[in-house]
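1. Pasting the sequence and the predicted model now:
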Amino acid sequence: MNVLQTVASIDRSSGGPSHSITNLCSHLGHQNQQVHLLVIGEQTQRDQWILPDLGVVDLHNIPGKKLPILGILHAPEFGFCIQQLHKSETLHLIHDHGLWMPNNRSSSAAARKLGIPYVISPRGMLEPWALKYKSWKKKLVWWLWQKSAIEMAAMLHATAQEEADNLRALGLKNPIAIIPNGVDVPANAASHEPESERIVLFLSRVHPIKGINNLINAWEQLKPQGWKLVIAGPDEGGHLAEVQSQIAAAGLTTQVQCIGPVEGEAKWQLYQQASVFVLPTFSENFGIVIAEALAAGVPVITTTGTPWRELPEKGCGWWVDIGVQPLVGALREALGLTDEQRRDMGLKGREWMQAEYSWSKIATEMIAAYRWVLEGGSPPACVRLD
(Lines give C-alpha, C1' and ligand atoms only; values in the text may rest on other atoms or scores of the structure.)
Protein backbone atom coordinates (compact mmCIF):
# COMPACT_ATOMS: atom_id res chain seq x y z
CA MET A 1 0.00 0.00 0.00
CA ASN A 2 1.36 3.42 -0.97
CA VAL A 3 0.14 6.08 1.47
CA LEU A 4 0.82 9.81 1.53
CA GLN A 5 0.62 11.55 4.92
CA THR A 6 0.19 15.34 4.75
CA VAL A 7 0.51 17.92 7.53
CA ALA A 8 1.48 21.58 7.78
CA SER A 9 4.34 21.14 10.23
CA ILE A 10 6.40 18.60 12.12
CA ASP A 11 8.27 21.34 13.94
CA ARG A 12 9.09 20.65 17.58
CA SER A 13 7.07 23.71 18.60
CA SER A 14 3.90 22.12 17.18
CA GLY A 15 3.70 19.81 20.17
CA GLY A 16 2.14 16.35 20.29
CA PRO A 17 0.99 16.03 16.66
CA SER A 18 4.58 16.30 15.38
CA HIS A 19 5.52 13.30 17.51
CA SER A 20 2.40 11.23 16.84
CA ILE A 21 2.31 11.79 13.07
CA THR A 22 5.99 11.02 12.50
CA ASN A 23 5.79 7.97 14.76
CA LEU A 24 2.75 6.73 12.85
CA CYS A 25 4.64 7.15 9.58
CA SER A 26 7.66 5.28 10.90
CA HIS A 27 5.68 2.33 12.24
CA LEU A 28 3.59 2.07 9.08
CA GLY A 29 6.88 1.89 7.21
CA HIS A 30 8.19 -0.78 9.56
CA GLN A 31 5.12 -2.86 8.68
CA ASN A 32 6.10 -2.86 5.01
CA GLN A 33 3.87 -0.02 3.83
CA GLN A 34 5.26 2.52 1.38
CA VAL A 35 4.96 5.84 3.23
CA HIS A 36 5.46 9.41 2.05
CA LEU A 37 5.24 12.42 4.37
CA LEU A 38 4.69 15.90 2.87
CA VAL A 39 5.23 18.96 5.09
CA ILE A 40 5.75 22.69 4.70
CA GLY A 41 9.20 24.07 5.43
CA GLU A 42 12.68 24.76 4.13
CA GLN A 43 15.43 22.15 4.05
CA THR A 44 17.43 24.36 6.43
CA GLN A 45 14.71 23.96 9.09
CA ARG A 46 15.09 20.20 9.42
CA ASP A 47 17.08 20.46 12.65
CA GLN A 48 13.90 21.87 14.26
CA TRP A 49 11.69 19.00 13.08
CA ILE A 50 10.62 15.75 14.72
CA LEU A 51 11.79 13.42 11.96
CA PRO A 52 10.33 10.01 11.11
CA ASP A 53 12.59 7.04 10.44
CA LEU A 54 13.98 8.13 7.09
CA GLY A 55 14.98 4.55 6.38
CA VAL A 56 11.32 3.63 5.84
CA VAL A 57 9.63 7.01 5.21
CA ASP A 58 10.16 9.31 2.22
CA LEU A 59 10.05 12.88 3.55
CA HIS A 60 9.11 15.69 1.16
CA ASN A 61 9.08 19.36 2.09
CA ILE A 62 8.15 22.47 0.16
CA PRO A 63 8.59 26.12 1.17
CA GLY A 64 5.72 28.13 2.60
CA LYS A 65 4.93 31.67 3.65
CA LYS A 66 2.66 33.38 6.16
CA LEU A 67 -0.55 34.81 4.73
CA PRO A 68 -1.18 38.45 5.70
CA ILE A 69 -3.99 39.24 8.17
CA LEU A 70 -4.83 35.56 8.76
CA GLY A 71 -1.24 34.81 9.77
CA ILE A 72 -1.40 31.17 8.67
CA LEU A 73 1.16 29.17 6.75
CA HIS A 74 0.55 28.64 3.05
CA ALA A 75 2.42 26.60 0.46
CA PRO A 76 1.04 27.36 -3.03
CA GLU A 77 2.73 24.27 -4.51
CA PHE A 78 1.34 21.80 -1.98
CA GLY A 79 -1.37 20.41 -4.26
CA PHE A 80 0.94 20.33 -7.27
CA CYS A 81 3.50 18.35 -5.26
CA ILE A 82 0.82 15.75 -4.43
CA GLN A 83 -0.06 15.43 -8.11
CA GLN A 84 3.60 14.94 -9.02
CA LEU A 85 4.04 12.30 -6.33
CA HIS A 86 1.01 10.43 -7.62
CA LYS A 87 2.34 10.61 -11.16
CA SER A 88 5.62 8.99 -10.13
CA GLU A 89 4.49 6.75 -7.25
CA THR A 90 0.79 5.87 -7.86
CA LEU A 91 -0.56 6.81 -4.44
CA HIS A 92 -3.35 4.62 -3.08
CA LEU A 93 -4.56 6.84 -0.24
CA ILE A 94 -3.93 10.27 1.29
CA HIS A 95 -4.11 10.80 5.06
CA ASP A 96 -4.31 14.49 5.95
CA HIS A 97 -3.71 15.76 9.49
CA GLY A 98 -5.16 18.89 11.07
CA LEU A 99 -7.68 21.43 9.81
CA TRP A 100 -8.15 25.06 8.81
CA MET A 101 -4.84 25.45 6.97
CA PRO A 102 -4.46 26.03 3.21
CA ASN A 103 -2.47 22.80 2.90
CA ASN A 104 -5.49 20.87 4.24
CA ARG A 105 -7.59 22.36 1.46
CA SER A 106 -4.88 21.49 -1.09
CA SER A 107 -4.69 17.88 0.11
CA SER A 108 -8.42 17.22 -0.13
CA ALA A 109 -8.70 19.04 -3.47
CA ALA A 110 -5.78 17.08 -4.94
CA ALA A 111 -7.22 13.78 -3.71
CA ARG A 112 -10.57 14.49 -5.35
CA LYS A 113 -8.92 15.61 -8.58
CA LEU A 114 -6.81 12.44 -8.73
CA GLY A 115 -9.63 10.12 -7.65
CA ILE A 116 -7.75 8.98 -4.54
CA PRO A 117 -9.64 8.29 -1.27
CA TYR A 118 -8.55 10.47 1.60
CA VAL A 119 -8.69 10.23 5.38
CA ILE A 120 -8.74 13.22 7.72
CA SER A 121 -7.40 13.32 11.29
CA PRO A 122 -8.79 16.54 12.84
CA ARG A 123 -6.25 16.22 15.67
CA GLY A 124 -8.60 17.79 18.19
CA MET A 125 -9.37 20.83 16.06
CA LEU A 126 -13.12 20.11 16.06
CA GLU A 127 -13.37 19.76 19.83
CA PRO A 128 -15.85 22.23 21.42
CA TRP A 129 -13.18 24.35 23.16
CA ALA A 130 -10.99 24.45 20.05
CA LEU A 131 -13.92 25.62 17.90
CA LYS A 132 -14.53 28.54 20.26
CA TYR A 133 -10.89 29.67 20.14
CA LYS A 134 -10.51 32.31 17.38
CA SER A 135 -13.92 31.19 16.22
CA TRP A 136 -14.51 33.83 13.56
CA LYS A 137 -11.62 32.57 11.43
CA LYS A 138 -12.77 28.98 11.76
CA LYS A 139 -16.38 29.79 10.89
CA LEU A 140 -15.19 31.56 7.74
CA VAL A 141 -12.98 28.66 6.66
CA TRP A 142 -15.66 26.11 7.62
CA TRP A 143 -18.19 27.53 5.20
CA LEU A 144 -15.68 28.39 2.48
CA TRP A 145 -14.24 24.89 2.09
CA GLN A 146 -13.47 22.93 5.27
CA LYS A 147 -16.99 21.53 5.80
CA SER A 148 -17.24 20.10 2.29
CA ALA A 149 -13.69 18.72 2.45
CA ILE A 150 -14.51 16.81 5.64
CA GLU A 151 -17.87 15.56 4.41
CA MET A 152 -16.26 14.11 1.28
CA ALA A 153 -13.51 12.26 3.18
CA ALA A 154 -13.64 8.47 2.89
CA MET A 155 -13.00 8.18 6.64
CA LEU A 156 -12.25 10.34 9.66
CA HIS A 157 -9.74 9.37 12.32
CA ALA A 158 -10.41 10.08 16.01
CA THR A 159 -7.95 9.25 18.76
CA ALA A 160 -10.67 8.53 21.36
CA GLN A 161 -14.37 7.74 21.66
CA GLU A 162 -15.03 11.23 23.03
CA GLU A 163 -13.55 12.83 19.92
CA ALA A 164 -15.65 10.55 17.71
CA ASP A 165 -18.78 11.55 19.66
CA ASN A 166 -17.97 15.23 19.12
CA LEU A 167 -17.56 14.64 15.38
CA ARG A 168 -20.98 13.00 15.28
CA ALA A 169 -22.44 15.92 17.26
CA LEU A 170 -21.37 18.20 14.40
CA GLY A 171 -23.52 16.15 12.04
CA LEU A 172 -20.64 14.38 10.30
CA LYS A 173 -21.71 11.00 8.95
CA ASN A 174 -18.38 9.66 7.66
CA PRO A 175 -17.02 6.35 8.93
CA ILE A 176 -14.76 7.06 11.90
CA ALA A 177 -11.69 5.01 12.82
CA ILE A 178 -11.12 5.28 16.58
CA ILE A 179 -7.42 4.62 16.95
CA PRO A 180 -5.37 6.21 19.76
CA ASN A 181 -1.90 7.61 19.40
CA GLY A 182 0.85 5.24 20.40
CA VAL A 183 3.60 5.79 22.90
CA ASP A 184 7.23 4.74 23.24
CA VAL A 185 7.84 3.02 26.57
CA PRO A 186 11.29 4.01 27.92
CA ALA A 187 13.64 1.41 29.29
CA ASN A 188 13.61 2.91 32.79
CA ALA A 189 10.66 4.00 34.91
CA ALA A 190 10.55 6.93 37.32
CA SER A 191 12.41 6.10 40.53
CA HIS A 192 10.21 8.14 42.91
CA GLU A 193 13.32 8.62 45.05
CA PRO A 194 13.96 12.38 44.86
CA GLU A 195 17.35 13.74 45.82
CA SER A 196 15.78 16.88 47.29
CA GLU A 197 12.40 18.41 46.40
CA ARG A 198 9.79 16.19 44.80
CA ILE A 199 8.54 17.34 41.40
CA VAL A 200 5.06 17.84 40.01
CA LEU A 201 5.55 18.11 36.26
CA PHE A 202 3.54 19.93 33.60
CA LEU A 203 4.90 19.26 30.10
CA SER A 204 3.01 20.57 27.07
CA ARG A 205 2.59 23.70 24.99
CA VAL A 206 2.34 26.84 27.13
CA HIS A 207 -1.04 27.86 25.72
CA PRO A 208 -4.32 29.05 27.32
CA ILE A 209 -6.07 25.77 26.40
CA LYS A 210 -3.74 23.83 28.69
CA GLY A 211 -5.17 25.32 31.90
CA ILE A 212 -1.86 26.43 33.43
CA ASN A 213 -3.52 29.43 35.08
CA ASN A 214 -5.82 27.07 37.00
CA LEU A 215 -2.81 24.98 38.01
CA ILE A 216 -0.96 27.99 39.43
CA ASN A 217 -4.06 29.09 41.34
CA ALA A 218 -4.34 25.58 42.79
CA TRP A 219 -0.65 25.53 43.71
CA GLU A 220 -1.04 28.93 45.42
CA GLN A 221 -3.75 27.48 47.65
CA LEU A 222 -1.67 24.44 48.61
CA LYS A 223 1.92 25.76 48.69
CA PRO A 224 3.10 22.21 49.50
CA GLN A 225 6.33 21.97 51.44
CA GLY A 226 9.10 19.88 49.88
CA TRP A 227 7.53 20.06 46.41
CA LYS A 228 8.35 21.99 43.24
CA LEU A 229 6.10 22.58 40.22
CA VAL A 230 8.04 22.40 36.94
CA ILE A 231 6.37 23.85 33.83
CA ALA A 232 8.07 22.60 30.66
CA GLY A 233 7.15 23.23 27.06
CA PRO A 234 7.34 25.78 24.25
CA ASP A 235 5.66 29.17 24.55
CA GLU A 236 2.79 29.70 22.14
CA GLY A 237 1.36 33.11 21.34
CA GLY A 238 3.21 34.81 24.21
CA HIS A 239 1.23 32.98 26.94
CA LEU A 240 4.42 32.29 28.91
CA ALA A 241 4.69 35.97 29.91
CA GLU A 242 1.19 35.82 31.41
CA VAL A 243 2.05 32.62 33.26
CA GLN A 244 5.27 34.08 34.68
CA SER A 245 3.44 37.22 35.77
CA GLN A 246 0.86 35.11 37.59
CA ILE A 247 3.61 33.08 39.31
CA ALA A 248 5.30 36.28 40.54
CA ALA A 249 2.03 37.84 41.72
CA ALA A 250 1.25 34.70 43.72
CA GLY A 251 4.67 34.74 45.37
CA LEU A 252 5.57 31.34 43.92
CA THR A 253 8.87 32.10 42.16
CA THR A 254 10.79 29.74 44.46
CA GLN A 255 8.25 26.93 44.12
CA VAL A 256 7.32 27.11 40.41
CA GLN A 257 9.93 26.89 37.66
CA CYS A 258 9.40 27.46 33.91
CA ILE A 259 12.15 25.70 31.99
CA GLY A 260 11.06 26.02 28.34
CA PRO A 261 10.89 23.23 25.75
CA VAL A 262 12.54 19.86 26.35
CA GLU A 263 13.02 17.12 23.77
CA GLY A 264 14.57 13.71 23.29
CA GLU A 265 16.48 12.16 26.15
CA ALA A 266 16.14 15.32 28.28
CA LYS A 267 12.36 14.96 28.12
CA TRP A 268 12.42 11.35 29.31
CA GLN A 269 14.86 12.23 32.11
CA LEU A 270 12.41 14.90 33.25
CA TYR A 271 9.55 12.40 33.34
CA GLN A 272 11.73 9.99 35.33
CA GLN A 273 12.53 12.70 37.89
CA ALA A 274 8.84 13.51 38.45
CA SER A 275 6.66 12.10 41.22
CA VAL A 276 3.36 13.33 39.70
CA PHE A 277 2.38 14.57 36.23
CA VAL A 278 -0.42 17.10 35.73
CA LEU A 279 -2.20 18.31 32.60
CA PRO A 280 -5.10 20.60 33.66
CA THR A 281 -6.26 21.17 30.09
CA PHE A 282 -9.62 22.52 28.92
CA SER A 283 -9.63 20.27 25.85
CA GLU A 284 -7.52 17.46 24.44
CA ASN A 285 -8.44 14.99 21.75
CA PHE A 286 -5.82 12.56 23.11
CA GLY A 287 -2.98 14.04 25.15
CA ILE A 288 0.22 12.28 24.12
CA VAL A 289 2.06 13.67 27.16
CA ILE A 290 -0.34 11.77 29.42
CA ALA A 291 0.57 8.52 27.66
CA GLU A 292 4.27 9.40 27.88
CA ALA A 293 4.07 10.13 31.61
CA LEU A 294 2.28 6.83 32.24
CA ALA A 295 4.84 4.98 30.10
CA ALA A 296 7.56 6.54 32.25
CA GLY A 297 5.87 5.26 35.40
CA VAL A 298 4.45 8.56 36.69
CA PRO A 299 0.89 8.82 38.05
CA VAL A 300 -1.20 11.43 36.24
CA ILE A 301 -3.68 14.13 37.21
CA THR A 302 -5.77 15.42 34.31
CA THR A 303 -9.22 16.76 33.57
CA THR A 304 -12.45 15.65 31.97
CA GLY A 305 -11.33 17.77 29.02
CA THR A 306 -9.25 14.72 28.05
CA PRO A 307 -10.44 11.21 27.09
CA TRP A 308 -8.49 9.55 29.92
CA ARG A 309 -11.47 8.52 32.05
CA GLU A 310 -9.81 5.13 32.75
CA LEU A 311 -7.06 6.63 34.91
CA PRO A 312 -8.84 5.99 38.25
CA GLU A 313 -10.10 2.57 37.09
CA LYS A 314 -6.56 1.51 36.17
CA GLY A 315 -5.28 2.79 39.51
CA CYS A 316 -2.73 5.15 37.96
CA GLY A 317 -4.20 8.62 38.24
CA TRP A 318 -6.98 11.15 38.71
CA TRP A 319 -9.56 12.35 36.13
CA VAL A 320 -11.18 15.46 37.60
CA ASP A 321 -13.52 18.25 36.54
CA ILE A 322 -12.03 21.33 34.93
CA GLY A 323 -11.30 24.11 37.42
CA VAL A 324 -9.13 25.15 40.34
CA GLN A 325 -10.83 23.32 43.23
CA PRO A 326 -10.88 19.87 41.57
CA LEU A 327 -7.14 20.32 40.95
CA VAL A 328 -6.58 21.29 44.57
CA GLY A 329 -8.31 18.11 45.70
CA ALA A 330 -6.40 15.82 43.34
CA LEU A 331 -3.04 17.43 44.08
CA ARG A 332 -3.64 17.23 47.84
CA GLU A 333 -4.41 13.51 47.53
CA ALA A 334 -1.50 12.74 45.19
CA LEU A 335 1.05 14.66 47.23
CA GLY A 336 -0.21 13.05 50.42
CA LEU A 337 0.68 9.54 49.24
CA THR A 338 3.96 7.85 50.08
CA ASP A 339 6.68 7.49 47.45
CA GLU A 340 5.97 3.75 47.39
CA GLN A 341 2.26 4.33 46.73
CA ARG A 342 3.03 6.72 43.87
CA ARG A 343 5.56 4.22 42.47
CA ASP A 344 2.93 1.46 42.51
CA MET A 345 0.47 3.72 40.66
CA GLY A 346 3.14 4.60 38.12
CA LEU A 347 3.94 0.95 37.43
CA LYS A 348 0.27 0.21 36.80
CA GLY A 349 0.17 3.00 34.22
CA ARG A 350 3.36 1.75 32.60
CA GLU A 351 1.93 -1.76 32.23
CA TRP A 352 -1.24 -0.29 30.72
CA MET A 353 0.73 1.60 28.08
CA GLN A 354 2.80 -1.46 27.20
CA ALA A 355 -0.33 -3.58 26.74
CA GLU A 356 -2.60 -1.23 24.80
CA TYR A 357 -0.68 1.71 23.33
CA SER A 358 2.35 0.26 21.58
CA TRP A 359 3.05 1.88 18.21
CA SER A 360 3.16 -1.48 16.44
CA LYS A 361 -0.42 -2.18 17.59
CA ILE A 362 -1.57 1.30 16.51
CA ALA A 363 0.02 0.93 13.06
CA THR A 364 -1.63 -2.47 12.58
CA GLU A 365 -5.06 -0.98 13.32
CA MET A 366 -4.46 1.96 10.96
CA ILE A 367 -3.43 -0.37 8.13
CA ALA A 368 -6.62 -2.38 8.65
CA ALA A 369 -8.68 0.83 8.45
CA TYR A 370 -6.86 1.92 5.28
CA ARG A 371 -7.43 -1.48 3.65
CA TRP A 372 -11.13 -1.28 4.44
CA VAL A 373 -11.33 2.15 2.76
CA LEU A 374 -9.59 0.76 -0.33
CA GLU A 375 -11.14 -2.70 -0.54
CA GLY A 376 -14.46 -2.55 1.32
CA GLY A 377 -16.00 -5.54 3.03
CA SER A 378 -16.68 -5.79 6.75
CA PRO A 379 -15.15 -2.88 8.66
CA PRO A 380 -12.44 -3.64 11.23
CA ALA A 381 -13.31 -3.34 14.91
CA CYS A 382 -11.79 0.14 15.16
CA VAL A 383 -14.13 1.63 12.54
CA ARG A 384 -17.46 3.09 13.68
CA LEU A 385 -20.24 3.48 11.11
CA ASP A 386 -23.07 4.73 13.36
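-> Great, that's in hand.
2. Assign the residue lying closest to Ser360 once chain neighbours are set aside to helix, strand or coil.
-> Counting by C-beta to C-beta, 6 or more residues apart in numbering, His27 is the residue found nearest to Ser360 once chain neighbours are left out, at 6.1 Å. Bear in mind the C-beta positions are built from the backbone N, C-alpha and C, glycine included. The three-state label for His27, taken from DSSP: H, G, I helix; E, B strand; the rest coil, comes out as helix.
3. Hmm, His27 is touching Gly182, no?
-> Yes: look at His27 against Gly182 with C-beta atoms under 8 Å: they come within range, at 7.0 Å.
4. Residues that sit against both of these two, list them.
-> When contacts are counted by C-beta atoms under 8 Å, 6 or more residues apart in numbering, the set common to His27 and Gly182 consists of Trp359, Ser360, Ile362, Ala363.
5. Just give me the neighbour total for the closest residue to the first one other than its chain neighbours.
-> This points to Trp359. Setting aside the residues directly before and after it, Trp359 is nearest to Gly182 in space (C-beta to C-beta, 6+ apart), at 3.5 Å. Gly182 is flanked by 25 other residues according to other C-beta atoms under 10 Å.
6. and what of the one 5 residues further on?
-> Using other C-beta under 10 Å, Ala187 has 5 neighbouring residues.
7. Repeat that for Gly287.
-> For Gly287, the count of nearby residues is 26 (other C-beta under 10 Å).
8. list the contacts for it?
-> Residues counted as contacts of Gly287 (C-beta under 8 Å, 6+ apart) are Gly16, Leu279, Thr281, Thr302, Thr306, Pro307, Trp308.
9. Tell me the pLDDT of the third one.
-> Model confidence at Thr281, given as pLDDT, is 97.
10. Quick check: the gap between it and Ala130.
-> From Thr281 over to Ala130 the distance is 11 Å, taken as C-beta to C-beta, to the nearest Å.
11. for the second one, same thing?
-> From Leu279 over to Ala130 the distance is 16 Å, taken as C-beta to C-beta.
12. which residues sit against the helix or strand of the chain with the lowest mean pLDDT?
-> Taking mean pLDDT, DSSP states H and E as the measure, the helix or strand of the chain with the lowest value is strand 73-74, at a mean of 77. Strand 73-74 is touched from outside by Ala8, Ser9, Ile40, Gly64, Lys65, Lys66, Leu67, Met101, Pro102, Asn103, with contacts defined as C-beta under 8 Å, 6+ apart.
13. In the sheet, which strands lie alongside that strand, parallel or antiparallel?
-> strand 65-66 (antiparallel) (DSSP bridges).
14. Rounded mean pLDDT for the strand it pairs with, please.
-> For strand 65-66, mean pLDDT rounds to 79.
15. Please apply the same query to stretch 309-327.
-> Average pLDDT, stretch 309-327: 98.
16. can you check stretch 118-134 too?
-> 91.
17. which stretches of the stretch 101-250 of the chain aren't confidently modelled?
-> Across the stretch 101-250 of the chain, nothing is flagged by pLDDT under 70.
18. can you map out the helices along it?
-> Shown for the stretch 101-250 of the chain, the helices assigned by DSSP state H, counting those that start in this stretch span residues 102-114, 128-132, 135-141, 147-151, 161-169, 212-222, 239-249.
19. Kindly reformat those as TSV containing distance to Ile50 and mean neighbour count.
-> Written out in TSV, the entries for those read as follows (distance: least, C-beta to C-beta, whole Å; neighbours: other C-beta atoms under 10 Å):
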stretch	distance to Ile50	mean neighbour count
helix 102-114	17	21
helix 128-132	22	15
helix 135-141	26	14
helix 147-151	26	16
helix 161-169	22	18
helix 212-222	23	20
helix 239-249	21	15
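20. closest to Lys348 out of those?
-> Across the helices of the stretch 101-250 of the chain, Lys348 has its closest neighbour in helix 161-169 (21.6 Å, C-beta to C-beta).
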